[in-house]
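K.L.:
Just to be clear, the model below is a prediction. Sequence and coordinates:
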Amino acid sequence: MSSVLNTVSSLRLSLSSVYAGSNNYRVRAQSLSPPVSASFTRRRLTVRAADTDTDKVESKVPDKAPAADGGSSFNQLLGIKGASKETDKWKIRLQLTKPVTWPPLVWGIACGAAASGNFHWTFEDVAKSIICMIMSGPCLTGYTQTLNDWYDREIDAINEPYRPIPSGAISENEVITQIWVLLLAGLGLAGLLDLWAGHNFPIVFYLAVGGSLLSYLYSAPPLKLKQNGWIGNFALGVSYIGLPWWAGQALFGTLTPDIIVLTLLYSIAGWGIAIVNDFKSVEGDKALGLQSLPVAFGAETAKWICVGAIDITQISVVGYLLGAGKPYYALALLALIIPQVILQFQYFLKDPVKYDVKYQASAQPFLVLGLLVTALATSH
């Protein structure tokens, strides 16, 4: 399994890009805008600004993406801010799925496969893992992101009218079709993997169904979990860390209670990472009544809750590995936690708004490698 470490660890990804990408999950108010009225036609969403009193401050929303030189085509394909305007429907469809958010799902599948202890570098096992990654990334994460943009379309029409749905670059019927196609494709691949693995109980399929339902509850009313900083961010952590790991391990081995507990602990760390992105949106969250942690507790308290969630959960995993008689893995994980703590004091705790990107870009690779260390420890 050491070959897994050498190969999989070459996948250097930063969860910061994902949770920054999942800021699109969260509704952001860029400025206080005049009242608007939205009218929906079959093919296009039109937003008209209503008249305002002369004694009120007028504000304008951008009519195009805020990017230099017309925006970046690379950003457009990744589905992140600063995207160029695009007319090709397939590129727009890809943009809605936000490919920048797929890598953690791929990493989670790899960690689950490594943790199973039954992954071998054969054509069949590699093919299974690739199909599982496609199921988790392009299909079900793509479904999640498209669904979220659909339910945010009215707010995006106010704050980000250049986005594909409110700008009319893609019709509502086409968006709904994409949601269903991606969902059914993901569930179909999950069922295929269960048959391929010879499962008597279709565990991969049920994990896919559970993850899809969680995505719907996160984005859609009446629950719309993302409106609550505690529940919504934890749902993100489970979706990006817990569920793909479980799918990868269930595909090649047995999903055991201790693995579920370990991955839920890491999902709490993922919850902490998601909080990092809430600090720069405090004013918008207040205006829209969203109870993010910085809004609910204030920035000073929230930043300590954030780092506590990230560090304490990882230290708990170190304790578990020591108790399981795996001191070398525990020491390796501890060695990966220490740089994270140093970087928290160097950047994040000084100014969580100014240094959020720099902190995540420098600290999150250590957490990601810690996931793999834990996976390899549980495989032996």
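P.N.:
Cool, got the structure. Just so it is clear, the structure is predicted and the values come from calculations on it, not from any experiment.

K.L.:
ok, the closest residue to residue 348 other than its chain neighbours - contacts?
P.N.:
Among residues not flanking residue 348 along the chain, residue 359 sits closest, at 4.2 Å (Cβ to Cβ, 6 or more residues apart in numbering). Placement of C-beta: from N, CA and C, glycine included. Listed by Cβ atoms under 8 Å, 6 or more residues apart in numbering, the contact set of residue 359 reads 16, 276, 343-344, 347-348, 352.

K.L.:
If we use 7 Å, what do you get?
P.N.:
Shown in contact with residue 359 (Cβ atoms under 7 Å, 6 or more residues apart in numbering): 343, 347-348.

K.L.:
Including distance to residue 225, could the residues you listed go into CSV?
P.N.:
CSV is the format used below for the contacts of residue 359 (distance: Cβ to Cβ, whole Å):
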residue, distance to residue 225
343, 29
347, 29
348, 25
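
K.L.:
Quick check: pLDDT value at the residue nearest to residue 348.
P.N.:
Note for residue 359: predicted pLDDT of 92.

K.L.:
Could you export the helix or strand hosting it as CSV, CA atoms only?
P.N.:
Assigned by DSSP states H and E, residue 359 belongs to helix 356-378. Below are the C-alpha coordinates for helix 356-378, written out as CSV (Å, rounded to 0.1, in the frame of the first residue of the first chain):
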residue,chain,number,x,y,z
ASP,A,356,-7.9,33.7,4.4
VAL,A,357,-6.7,32.7,0.9
LYS,A,358,-3.0,32.7,1.9
TYR,A,359,-3.8,30.6,5.0
GLN,A,360,-5.8,28.0,3.2
ALA,A,361,-3.4,27.7,0.3
SER,A,362,-0.5,27.1,2.7
ALA,A,363,-2.2,25.0,5.5
GLN,A,364,-4.7,22.8,3.8
PRO,A,365,-2.2,20.6,1.9
PHE,A,366,-1.0,19.4,5.3
LEU,A,367,-4.6,18.4,6.3
VAL,A,368,-5.1,16.6,3.0
LEU,A,369,-2.0,14.6,3.5
GLY,A,370,-3.1,13.8,7.0
LEU,A,371,-6.2,12.2,5.5
LEU,A,372,-4.1,9.9,3.5
VAL,A,373,-1.9,9.0,6.5
THR,A,374,-5.0,8.1,8.5
ALA,A,375,-6.3,6.0,5.6
LEU,A,376,-3.0,4.1,5.3
ALA,A,377,-3.0,3.6,9.1
THR,A,378,-6.4,2.0,9.1
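
K.L.:
for residue 275, what are its contacts?
P.N.:
Applying Cβ under 7 Å, 6+ apart, we find residue 275 in contact with 233, 293, 302, 306.

K.L.:
cutoff 6 Å now
P.N.:
233, 293, 306 (Cβ atoms under 6 Å, 6 or more residues apart in numbering).

K.L.:
a markdown table please, covering these and showing neighbour count and distance to residue 99.
P.N.:
Below are these laid out as a markdown table (neighbours: other Cβ atoms under 10 Å; distance: Cβ to Cβ, whole Å):
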| residue | neighbour count | distance to residue 99 |
| --- | --- | --- |
| 233 | 31 | 22 |
| 293 | 26 | 28 |
| 306 | 25 | 27 |
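
K.L.:
export those residues to JSON lines and tack on distance to residue 267?
P.N.:
Putting the contacts of residue 275 into JSON lines (distance: Cβ to Cβ, whole Å) gives the following:
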{"residue": "233", "distance to residue 267": "10"}
{"residue": "293", "distance to residue 267": "16"}
{"residue": "306", "distance to residue 267": "15"}
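
K.L.:
Closest one of those residues to residue 101?
P.N.:
residue 233 (14.9 Å; Cβ to Cβ).

K.L.:
In what element of secondary structure is that closest one found?
P.N.:
With DSSP H and E as criterion, residue 233 is part of helix 229-237.

K.L.:
For that helix, buried residues please.
P.N.:
229, 231-237 (16 or more other Cβ atoms under 10 Å).

K.L.:
Please apply the same query to stretch 322-337.
P.N.:
Buried, per 16+ other Cβ under 10 Å, within stretch 322-337: 326, 329-330, 332-334, 336-337.

K.L.:
so of the residues you listed, which ones are in helices?
P.N.:
329-330, 332-334, 336-337 (DSSP state H).

K.L.:
of all the residues you listed, which comes closest to residue 224?
P.N.:
Of those, the one sitting nearest to residue 224 (Cβ to Cβ) turns out to be residue 337, at 33.9 Å.

K.L.:
Report the separation between the closest one and residue 320.
P.N.:
14 Å (Cβ to Cβ, to the nearest Å).

K.L.:
quick one on the thing from earlier: out of the ones in helices among the buried residues of stretch 322-337, who's nearest residue 367?
P.N.:
Distances from residue 367 to these, taken by Cβ to Cβ, are shortest for residue 336, at 7.4 Å.

K.L.:
The closest one and residue 370 touch, don't they?
P.N.:
Yes: taking contacts as Cβ atoms under 6 Å, residue 336 lies within contact range of residue 370: 4.5 Å.
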